[in-house]
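*Asks:* For reference, the sequence and a predicted model appear below.
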Amino acid sequence: MNLVTETRRALVLGYGFIGKSLVAELVERGDAVCAFGRRQRPMELPEVAKWYQGDFNNLESLHEALEGTDVVYHLVADSVPKDTHHRLEQELGKLTFSTLDFVQACVERNVSRIVFASSASVYGIQEPHPINERAPTDPISAHGIHKLMIEKYLLMKSKVLPIDVKIARISNPYGRAQDIHGRQGIIAIALGCLLTDKELSLSGDGAAVRDFIAVEDVAAALAHLGTTTSVQSVFNVSSGYPVRLSTMLDLLAKLSHRQLRIKYGPSISSDIPYSCLSFEALLEAGWSPKVSFGEGIKDLVSWHLQAGEGKR
């Protein structure tokens, strides 16, 4: 299914870390961009972007935002990979059922495509590496199960309804807008500890491997999935570059000229020892990452040092 080639109306659901970069990318590409979230219009939202305030779990608040929309980016999430399994019932509740209603609303308003931000966590523990889109999905975390449930429902509906679905399985994004005092993103969390001289609590011994990807590359990949004519539905969004956590932490400390204090703890059940995704499907569809890990981390640390984030 091809989308219109003129100015598209793109709706971004979830104006968080990735959403901010995606809106900026879509504006840069010349799309008519709308964003949707719970709070009042964010001050940093580009002037040309329209803002809709509402709750994804209240479908009525989405109706106006969906009118005339060509492609919707579903970035709404209630969990992170390390959330414990006792939250599973809560996670599988409102957001999942709201997504079911959301798909029907998109069809009723002639939305051409939904791009869903999924996660590398849907794969669980895999061999061999890197993991391609043909690998089995066997999540070991509540977060991964949640993402996979939504994936499967969206893909099922795309087979019986006049709407196209693209799934973006995102590896480990990092970037300037990520909260260094939050609970998601090991790079952001470690950087926050470095800049405030706090101890980093780390499960495992630092030997785990991840592929990290700059959020600018994630935004470009998502925007590309909004327009691609590829018939494939599932795409990994990654750098394809494996990095040990200990190597990443050493690099952060070196670049910030500070010492990182680490409290090592036992691994938890949702820990994946090695996760590196290939991006061959997106490469075939015409996208590849632009920001190298070394340059991306160097820019991130430099920006935070200049911004004085450690003075909070």
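*Replies:* In hand now; what should we look at? Numbers count the residues shown, from 1 in each chain.
*Asks:* Partner strands of the host helix or strand of residue 34, with direction?
*Replies:* According to DSSP states H and E, residue 34 maps onto strand 32-37. Strand 32-37 pairs in its sheet with strand 9-13 (parallel), strand 50-53 (parallel), by DSSP bridges.
*Asks:* can you dump the C-alpha coordinates of it into PDB?
*Replies:* Provided in PDB are the C-alpha atoms of strand 32-37 (Å, rounded to 0.1, in the frame of the first residue of the first chain):
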ATOM      1  CA  ALA A  32       2.100  18.300   8.300                       C
ATOM      2  CA  VAL A  33       2.800  17.100  11.900                       C
ATOM      3  CA  CYS A  34       0.500  16.600  14.800                       C
ATOM      4  CA  ALA A  35       1.500  15.300  18.200                       C
ATOM      5  CA  PHE A  36      -0.700  13.800  21.000                       C
ATOM      6  CA  GLY A  37      -0.100  13.600  24.700                       C
END
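*Asks:* sorry, back to before: with mean neighbour count, mean pLDDT and distance to residue 133 as extra columns, can I get the strands paired with strand 32-37 in TSV?
*Replies:* Every C-beta, even on glycine, is put in place using the N, C-alpha and C of the backbone. Below are the strands paired with strand 32-37 laid out as TSV (neighbours: other Cβ atoms under 10 Å; pLDDT from 0 to 100; distance: least, Cβ to Cβ, whole Å):
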stretch	mean neighbour count	mean pLDDT	distance to residue 133
strand 9-13	25	97	23
strand 50-53	15	96	32
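*Asks:* right, and these - which one's nearest residue 209?
*Replies:* Counting by Cβ to Cβ, residue 209 lies closest to strand 9-13 out of the strands paired with strand 32-37; the figure is 31.0 Å.
*Asks:* for the helix or strand following the closest one, packing partners?
*Replies:* Scanning forward in sequence from strand 9-13 by DSSP H and E, the next helix or strand is helix 17-28. Under the contact definition 3 or more Cβ pairs under 8 Å, 6 or more residues apart in numbering; DSSP states H and E, helix 17-28 sits against strand 9-13, strand 32-37, helix 215-225.
*Asks:* Same list (those) but as JSON lines, adding distance to residue 127.
*Replies:* Putting these into JSON lines (distance: least, Cβ to Cβ, whole Å) gives the following:
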{"stretch": "strand 9-13", "distance to residue 127": "35"}
{"stretch": "strand 32-37", "distance to residue 127": "39"}
{"stretch": "helix 215-225", "distance to residue 127": "25"}
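*Asks:* Can you tell me which of these is nearest to residue 51?
*Replies:* strand 32-37 (5.7 Å).
*Asks:* taking the mean pLDDT, what do you get for that closest one?
*Replies:* The pLDDT scores in strand 32-37 average 96.
*Asks:* returning to what we had before: out of the strands paired with strand 32-37, the one nearest residue 161 is which?
*Replies:* Nearest to residue 161, of those and by Cβ to Cβ, is strand 9-13 at 17.9 Å.
*Asks:* Report the angle between that closest one and helix 215-225.
*Replies:* In terms of direction (axes from the mean of the first three to the mean of the last three Cα atoms, to 10 degrees), strand 9-13 departs from helix 215-225 by 130 degrees.
*Asks:* pLDDT below threshold where in the chain?
*Replies:* Across the chain, the ranges flagged by pLDDT under 70 are 1-6, 79-93, 309-312.
*Asks:* now the strands for it?
*Replies:* 9-13, 32-37, 50-53, 71-74, 113-119, 164-170, 172-174, 200-203, 209-214, 234-237, 242-244, 262-265, 274-275 (DSSP state E).
*Asks:* ok, so what distance separates residue 106 from residue 8?
*Replies:* 15 Å (Cβ to Cβ, to the nearest Å).
*Asks:* Between those two, which has more neighbouring residues?
*Replies:* Applying other Cβ atoms under 10 Å to residue 106 and residue 8 shows that residue 106 carries more neighbours, namely 24 against 20.
*Asks:* The closest residue to residue 149 other than its chain neighbours and residue 274: what is the separation?
*Replies:* Closest residue to residue 149 apart from its sequence neighbours, by Cβ to Cβ, 6 or more residues apart in numbering: residue 96 at 6.0 Å. Distance from residue 96 to residue 274, counting by Cβ to Cβ: 29 Å.
*Asks:* what's the answer for residue 212, then?
*Replies:* From residue 212 over to residue 274 (counting by Cβ to Cβ), the distance is 14 Å.
*Asks:* now residue 170
*Replies:* Shown here: residue 170 relative to residue 274, a distance of 17 Å by Cβ to Cβ.
*Asks:* So if I had to pick from those two, which one is more boxed in?
*Replies:* Counting neighbours by other Cβ under 10 Å for residue 170 and for residue 274 shows that residue 170 has the greater number, 23 against 17.
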